[in-house]
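Asks: what's the 3D shape of this:
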Amino acid sequence: MSIKVREKSNKSGSISLYLDVYHKGKRHYEFLDLKLIGDRKQDKEILLLANSIRAKRELELKNGEFGFKTQNNGEANFLLYFEKVRERKSQSLGTWRTTLYHLKNFIRGDGLKFQDITPSWLEEFKAYLVADLSPNTARNFLACVSHVLKQAVKDDIITTNPADKVDSIKAKDAKRDFLTFEEMQRFSQADCLDPEVKRAFLFSCYCGLRLGDIRSLLWRNIKDDNSIELVQGKTKEALYIPLHQEAITLLGARGKPDDLVFTMPSDSQLSLVMKVWTANARINKTITFHCARHTFATLALTSNVPIYTVSKLLGHSRLETTQVYANMLASTKKSAVDSLPSLSGKS
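Replies: Coordinates of the predicted model:
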């Protein structure tokens, strides 16, 4: 979208001003009934007025995109705008939906205006989140609200982001369950309600793909040299992974280029399948599908694959993200050593 003030010369010698509006692939013109007559001082004021009208018209069009009927942006519905921004997201939709749920629950309704969202309001919402949720979950929900407010500044809905004056919620190192190789063997031998989930999970243990990328993996992403080439759904970054022979075996017979490699159930059904499968394998851990990614990372590091290489295989943009797995392994090793009996007979 663009709106510009244009000039048109008249036969009388004056210059008429109009708006050149380009919006949603279409162009139209709006004449302002304003003219430049050659008087320097007066023409300057007229140009200021024309640009003020242009700015106002631009805001009206942007408000129209998000269903705002009022020209007073402070009165605009933040929740409606939030849903429009959410629709642009292709990943973490569950987080966005739940954030919207908590916003509505916090205000006990649907009538949240932009002018209501002040730093003090955000502090109260932050306290509400922390009271009922884990620090990491609360942090993610607050980040969604902050992101929407930041976008609202870009869209000229508001002039400043009130979230800039509110400290984010401190993250807490989350427990990352993973499988040892012996536990992977038990999983591979245990009965699973959905053979496709079993195949996909063990495949992820050997390549580290996220669930979202497993769901969207096509046969054309599996190259002739037995590697994976794709653009990650979460980060939009290109990823290249040479496949282990076990992963190649788990792929099975090649399908058509645009066929899905794995046909996965819904998130709720997947959760049930993983829970029953974990019980059948007699593993006393909370194993979700994402644990396959943790398993790949820890197996690679314990197999002395350099951490930089592991980082690239996982598609991490920062080495610090991968370092979490190295720290996790160090903690596991310490616990193992601490559990050894002492010579005095005390454990």
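
Asks: the longest strand belonging to the chain pairs with which strands?
Replies: Using DSSP state E to define each element, the chain has its longest strand at strand 26-36. Using DSSP bridges, the strands paired with strand 26-36 are strand 15-23 (antiparallel).

Asks: can you give me how far the partner strand is from the chain middle?
Replies: 39 Å (CA atoms, centre = their mean, to the nearest Å).

Asks: list the buried ones in it?
Replies: 15, 16, 17, 18, 19, 21 (16 or more other CB atoms under 10 Å). C-betas here are computed from N, CA, C, even on glycine.

Asks: which residues sit against the longest strand of the chain?
Replies: Outside strand 26-36, the residues that touch it by CB atoms under 8 Å, 6 or more residues apart in numbering are 6-7, 10, 14-21, 43, 46-47, 49-50, 53, 57.

Asks: how about residue 159, phi and psi?
Replies: phi -90, psi -30 (degrees, to the nearest 10).

Asks: burial measure for it, as a count.
Replies: 8 (other CB atoms under 10 Å).

Asks: before we move on, what about residue 231?
Replies: For residue 231, using other CB under 10 Å, the count is 13.

Asks: same question, residue 238
Replies: 10.

Asks: who's in contact with it?
Replies: 229, 230, 231, 232.

Asks: the last one reaches residue 211, doesn't it?
Replies: No. In terms of CB atoms under 8 Å, residue 232 does not count as a neighbour of residue 211; the distance is 11.9 Å.

Asks: for the stretch 51-200 of the chain, which spans come out with low pLDDT?
Replies: When residues are selected by pLDDT under 70, those of the stretch 51-200 of the chain lie in 60-74, 89-92, 172-175.

Asks: now swap in the stretch 201-347 of the chain and tell me
Replies: Checking the stretch 201-347 of the chain against pLDDT under 70 turns up 328-347.

Asks: rerun at 90
Replies: 212, 232-238, 267-268, 286, 297-347 (pLDDT under 90).

Asks: domain assignment for this structure?
Replies: 2-65, 73-165, 181-336 (automatic domain parsing).

Asks: let me have those in TSV, extended by distance to residue 171.
Replies: Formatted as TSV, the domains of the chain follow (distance: least, CB to CB, whole Å):
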stretch	distance to residue 171
domain 2-65	34
domain 73-165	6
domain 181-336	11
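
Asks: show me where the protein has helices.
Replies: Using DSSP state H, the helices found in the chain span residues 40-65, 78-87, 93-107, 119-132, 135-154, 181-189, 195-205, 211-216, 245-251, 267-280, 291-302, 307-314, 319-338.

Asks: make JSON lines from those and add mean neighbour count to it.
Replies: Formatted as JSON lines, the helices of the chain follow (neighbours: other CB atoms under 10 Å):
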{"stretch": "helix 40-65", "mean neighbour count": "14"}
{"stretch": "helix 78-87", "mean neighbour count": "18"}
{"stretch": "helix 93-107", "mean neighbour count": "15"}
{"stretch": "helix 119-132", "mean neighbour count": "15"}
{"stretch": "helix 135-154", "mean neighbour count": "19"}
{"stretch": "helix 181-189", "mean neighbour count": "15"}
{"stretch": "helix 195-205", "mean neighbour count": "21"}
{"stretch": "helix 211-216", "mean neighbour count": "19"}
{"stretch": "helix 245-251", "mean neighbour count": "16"}
{"stretch": "helix 267-280", "mean neighbour count": "16"}
{"stretch": "helix 291-302", "mean neighbour count": "22"}
{"stretch": "helix 307-314", "mean neighbour count": "17"}
{"stretch": "helix 319-338", "mean neighbour count": "13"}
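
Asks: of all those helices, which lies closest to residue 165?
Replies: helix 119-132 (4.2 Å; CB to CB).

Asks: could you dump the closest one to PDB, C-alpha only?
Replies: Taking Å, rounded to 0.1, in the frame of the first residue of the first chain, the C-alpha atoms of helix 119-132 are listed here in PDB:
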ATOM      1  CA  PRO A 119       2.700  -0.800  30.900                       C
ATOM      2  CA  SER A 120       0.800  -1.200  34.200                       C
ATOM      3  CA  TRP A 121      -1.900  -3.300  32.400                       C
ATOM      4  CA  LEU A 122       0.800  -5.500  30.900                       C
ATOM      5  CA  GLU A 123       2.400  -5.900  34.400                       C
ATOM      6  CA  GLU A 124      -0.900  -7.200  35.700                       C
ATOM      7  CA  PHE A 125      -1.300  -9.500  32.700                       C
ATOM      8  CA  LYS A 126       2.200 -10.700  33.300                       C
ATOM      9  CA  ALA A 127       1.400 -11.500  37.000                       C
ATOM     10  CA  TYR A 128      -1.700 -13.300  35.900                       C
ATOM     11  CA  LEU A 129       0.300 -15.600  33.600                       C
ATOM     12  CA  VAL A 130       3.100 -16.300  36.100                       C
ATOM     13  CA  ALA A 131       0.600 -17.200  38.800                       C
ATOM     14  CA  ASP A 132      -0.900 -20.100  36.800                       C
END
